[in-house]
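Peer 1: sequence unknown, structure follows:
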């Protein structure tokens, strides 16, 4: 039986500690930057519905990219050199995330219309 060596320890350490900590730091900094951006916009007199409209368009963009990524993985898994079930099955994840994000965009646009704020296309 082989013992765990230094390369395995580095991989395990990186996977279970460094990556999640980096993700949390990145999420915190992104949230802080977005909050500062909103406060500056409010100070300049930009109304909140305009900011909500920007969020809706960002949501649409993320949804389209996620669906395109999932479809690309699906095509690669089916039409690649060898049929790969794992790639085909994992292509469902970005497709479903993208569809959920596009649904969120649709609901945001409906809410903006209810508030009489026309969305930008």
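Peer 2: Looks like it came in fine. Keep in mind that what you see is a predicted model, and the values were worked out from it rather than measured.
Peer 1: Poorly predicted segments of the protein, please.
Peer 2: Counting by pLDDT under 70, the ranges of the chain that qualify are 1, 47-51, 116-121.
Peer 1: tell me the SS of the residue nearest in space to the middle of it?
Peer 2: The centroid of the chain falls nearest to residue 62 when counting by C-alpha atoms, centre = their mean (6.0 Å). The three-state label given to residue 62 by DSSP: H, G, I helix; E, B strand; the rest coil is helix.
Peer 1: contacting residues for it?
Peer 2: Residues near residue 62 by C-beta atoms under 8 Å, 6 or more residues apart in numbering: 98, 101. (C-beta placed from N, C-alpha, C; glycine too.)
Peer 1: what's the neighbour count on residue 64?
Peer 2: 14 (other C-beta atoms under 10 Å).
Peer 1: Quick check: it touching residue 98?
Peer 2: Yes: if you go by C-beta atoms under 8 Å, residue 64 and residue 98 touch, sitting 7.0 Å apart.
Peer 1: Alright, that wraps it up for me.
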